[in-house]
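Chemist: Using only what follows, build the 3D model:
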Amino acid sequence: MPRQEKPERAERPSHRTPGGRFRHLEGSVEALQAEMAAGRLTARRLAAAYITRIGALDRAGPRINSIIELNPQALEIASALDRERRADGARGPLHGIPVLLKDNIATGDRMSTSAGSLALDGIAATRDAHLVARLRDAGAVILGKTNLSEWANIRSPRSTSGWSARGGLTRNPYALDRNTSGSSSGSAAAIAANLAVVSVGTETDGSIVSPASINGLVGLKPTVGLVSRDGVIPISHTQDTPGPMTRSVADAAVALAAIAGPDSRDGATADAKPADYRSALDPDRLRGARLGVVRAQFGSNPGVDAVIETALKTLRARGAVLVDPVDLDIGESAQEAELEVLLHELKASLPAWLAEFAPRAPISTLTDLIAWNARNAEREMPWFGQELFEQAQSRGDLGEPAYLEALASCRRAAREEGIDRVLAEHDLDALLAPTGGPAWLSDLVNGDHYGGSFSTPAAIAGYPHLTVPAGLVHGLPVGLSFAGPPWSEPLLLGLGYAYEQATRARRAPTFAPSLP
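Modeler: Sure thing, here's the model as predicted:
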């Protein structure tokens, strides 16, 4: 059995932030549940506290701009959950806990589901996505929708992460002139800024782990098929997956348990293997674990390298066996093939989502969307265009040889000749690398300029990838990545938890205008 850590004290002094004193700063699921169980807190008061903080920090003050829309029914839902707790007890660990959703995840309520596009502004989805229904069943309070890189960053290669026509630009709470990365930009910034307890993002390649790393969070991209994609505005049925973004590994485990599992609407989940993720949180899990260090991911930033070298020393001190280095390089040709796969699958899958979840929208195909954007270019495309949409529209169907060859190339490079080979060759449990570089200056004119990324191998393979805060570089967070074979979420969460408990590396943001 895993060792049990002493629970975080529920009663803590309030902390002064730019939005005023906030009693629940860095509050965890466990601590807030303890407060509610003891009768010192209600779900309604908790939701109201976060809504007030959103007004002070997201809408005003430093103006993080991470939340695109608040749920007008949030307080009503929270009150109903309070009545249920008094009558029947809590449903589970998420009962009454405020959760934010990326605005490409369908909610069958009064909120829009827009992917940040004005073409879907005001369009309410016909029903909840599967993962949203599961969260509601678990007792979560859906607090609102978060801003994102518009259309999950598949519109243009010159885009600025965290910007959407509907939501504007999300700002990094660690330095407001810095980028949040994306595409789950608001989902990361909001949790980093303590605007809710848990958020759900989505990833095709990097869209959970990169913003989580850059905003000082835990982010888990699950195995493709562990969490249903039903209701998620699609890019790629071979790479898309939702996943939790939280301030701690324990909270990520709770959130994953709520949303993971099979769904008849998503065939990829037929082999889903949900587990008791909280029982995997063993502070001694690093002892004896064989971890491969992917040195090819080092070298882009000396500050990041120094942080990760310190992390490696901690892992060794906690009993991990490091195989350093291991060779994992999927090559540029695989990344080119990945784009070919994404473009084909976007064209094929978007119309089906629009038909089922947004039948009243002014668009029903990718062709419609391209034309709508062109007609509304002044509002929709003031900073960058829609080159990737146009490239996708030029592609054929999913039976086209170019698509099938690209898909086979991706799987071979990332799986058989990539992660599978390295794990087997060195008898490894998981792979280690810096998740990416620190946040760059936001630049709407020139677009993003990344500083390295470890997201692509696991993304193309469809394998799980966990990032955990590792430290700060000039006040900007960076993460340590753990990547493993399919369905290894319990292992990765256990390793990440043991590292987190040994380091406590996360630091809350200070909302500095820029770096000193």
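Chemist: Can you pull the phi and psi angles for residue 349?
Modeler: With angles defined as degrees, to the nearest 10, residue 349 sits at phi -100, psi -30.
Chemist: Now for it: which residues touch it?
Modeler: Listed by Cβ atoms under 8 Å, 6 or more residues apart in numbering, the contact partners of residue 349 are 234, 235, 236, 237. All C-beta spots, glycine's among them, are computed from the backbone N, C-alpha and C.
Chemist: Setting the sequence-adjacent residues aside, check what's closest to the third one.
Modeler: What sits nearest to residue 236 in space, not counting adjacent residues and going by Cβ to Cβ, 6 or more residues apart in numbering, is residue 345, at 4.4 Å.
Chemist: The residue of the chain most remote from its centre sits in which helix or strand?
Modeler: In terms of distance from the mean C-alpha position of the chain, residue 87 ranks first, at 34.6 Å (Cα atoms, centre = their mean). Element membership for residue 87 (DSSP states H and E) is helix 74-88.
Chemist: Name the residues of that helix that are buried.
Modeler: When neighbours are counted by 16 or more other Cβ atoms under 10 Å, the buried residues of helix 74-88 are found to be 74, 75, 77, 78, 81, 82, 84, 85.
Chemist: Serialize these to JSON lines and add fields for pLDDT and distance to residue 195.
Modeler: Shown next, in JSON lines, are the buried residues of helix 74-88 (pLDDT from 0 to 100; distance: Cβ to Cβ, whole Å):
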{"residue": "74", "pLDDT": "98", "distance to residue 195": "13"}
{"residue": "75", "pLDDT": "98", "distance to residue 195": "16"}
{"residue": "77", "pLDDT": "98", "distance to residue 195": "17"}
{"residue": "78", "pLDDT": "98", "distance to residue 195": "16"}
{"residue": "81", "pLDDT": "98", "distance to residue 195": "19"}
{"residue": "82", "pLDDT": "98", "distance to residue 195": "21"}
{"residue": "84", "pLDDT": "98", "distance to residue 195": "25"}
{"residue": "85", "pLDDT": "98", "distance to residue 195": "23"}
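Chemist: Tell me which two in the contacts of residue 349 are the farthest apart.
Modeler: 235 and 237 (8.7 Å; Cβ to Cβ).
Chemist: Settle it for me: which of those two has more neighbours?
Modeler: residue 235 (29 against 17; other Cβ atoms under 10 Å).
Chemist: Could you say which helix or strand holds the more buried one?
Modeler: Per DSSP H and E, there is no helix or strand for residue 235.
Chemist: cool, residue 480 as well?
Modeler: Per DSSP H and E: strand 476-483 holds residue 480.
Chemist: so what sits against both of residue 235 and residue 237?
Modeler: If you check residue 235 and residue 237 against Cβ under 8 Å, 6+ apart, the residues they both contact are 345, 349.
Chemist: The residue positioned nearest the centre of the chain and residue 188, how far apart?
Modeler: Centroid-nearest residue in the chain: residue 208, 3.0 Å away (criterion: Cα atoms, centre = their mean). Computed as Cβ to Cβ, to the nearest Å, the residue 208 to residue 188 distance reads 8 Å.
Chemist: anything in contact with each of those two?
Modeler: In contact with both residue 208 and residue 188: 201, 219, 245, using Cβ under 8 Å, 6+ apart.
Chemist: Mind checking which of those residues are in strands?
Modeler: 201, 219, 245 (DSSP state E).
Chemist: residue contacts, the closest residue to the first one other than its chain neighbours?
Modeler: Across the structure, with Cβ to Cβ, 6+ apart as the measure, the residue nearest residue 201 apart from its sequence neighbours is residue 184 (2.9 Å). With contacts taken as Cβ under 8 Å, 6+ apart, residue 184 has the following neighbours: 102, 146, 148, 199, 201-203, 207-208, 211-212, 219, 245.
Chemist: show me where pLDDT drops low in this structure?
Modeler: 1-16, 19 (pLDDT under 70).
Chemist: If we use 80, what do you get?
Modeler: Where the chain drops to pLDDT under 80, the residues are 1-20.
Chemist: Check which element follows the helix or strand containing the residue nearest to residue 236 along the chain.
Modeler: In this structure, residue 345 sits in helix 332-357 according to DSSP H and E. Where DSSP H and E defines the elements, the next helix or strand beyond helix 332-357 is helix 366-375.
Chemist: Pull out the buried positions in the helix or strand following that next one.
Modeler: The C-terminal neighbour of helix 366-375 among helices and strands, as given by DSSP H and E, is helix 377-380. Residues residue 380 are the ones in helix 377-380 that count as buried (16+ other Cβ under 10 Å).
Chemist: residues in contact with helix 377-380?
Modeler: Counting by Cβ under 8 Å, 6+ apart, 117, 118, 119, 165, 372, 373 sit against helix 377-380.
Chemist: what's the answer for stretch 109-123, then?
Modeler: Contacts for stretch 109-123 (Cβ under 8 Å, 6+ apart): 68-69, 71-73, 103-107, 124-125, 128, 142, 144-145, 147-152, 164-167, 233, 357-358, 360-363, 369, 372-373, 376, 379-380.
Chemist: Can you say which of the residues you listed are buried?
Modeler: Using 16+ other Cβ under 10 Å, the buried members of those are 68-69, 71, 103-107, 124-125, 128, 142, 144-145, 147-152, 164-167, 233, 357-358, 361, 363, 369, 372-373, 380.
Chemist: Next, give phi and psi for the residue nearest to the centre of the chain.
Modeler: Dihedral angles (degrees, to the nearest 10) for residue 208: phi -100, psi -50.
Chemist: could you check the distance from it over to residue 177?
Modeler: Applying Cβ to Cβ to residue 208 and residue 177 gives a distance of 24 Å.
Chemist: now swap in residue 218 and tell me
Modeler: 25 Å.
Chemist: Residue 113 too?
Modeler: Residue 113 is 30 Å from residue 177, by Cβ to Cβ.
Chemist: again with residue 65
Modeler: In terms of Cβ to Cβ, residue 65 sits 13 Å off from residue 177.
Chemist: Mutual contacts of the two, please.
Modeler: Contacts common to residue 65 and residue 177, judged by Cβ under 8 Å, 6+ apart, are residue 171.
Chemist: out of those two, which sits in the busier spot?
Modeler: residue 65 (23 against 15).
Chemist: Contacts only, for the more buried one.
Modeler: Applying Cβ under 8 Å, 6+ apart, the residues contacting residue 65 are 58, 147, 167, 168, 169, 170, 171, 186.
Chemist: ditto for residue 495
Modeler: 285, 286, 289, 291, 429, 430, 466, 482.
Chemist: Just these: which are in strands?
Modeler: 291, 430, 466, 482.
Chemist: With adjacent residues omitted, what lies nearest to the second one?
Modeler: Nearest non-adjacent residue to residue 430, counting by Cβ to Cβ, 6+ apart: residue 484, 4.3 Å away.
Chemist: picking up where we left off before, can you say which of the shared contacts of residue 208 and residue 188 are buried?
Modeler: 201, 219, 245.
Chemist: Next, format the residues you listed as JSON lines and append distance to residue 228.
Modeler: Below are these laid out as JSON lines (distance: Cβ to Cβ, whole Å):
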{"residue": "201", "distance to residue 228": "15"}
{"residue": "219", "distance to residue 228": "19"}
{"residue": "245", "distance to residue 228": "18"}
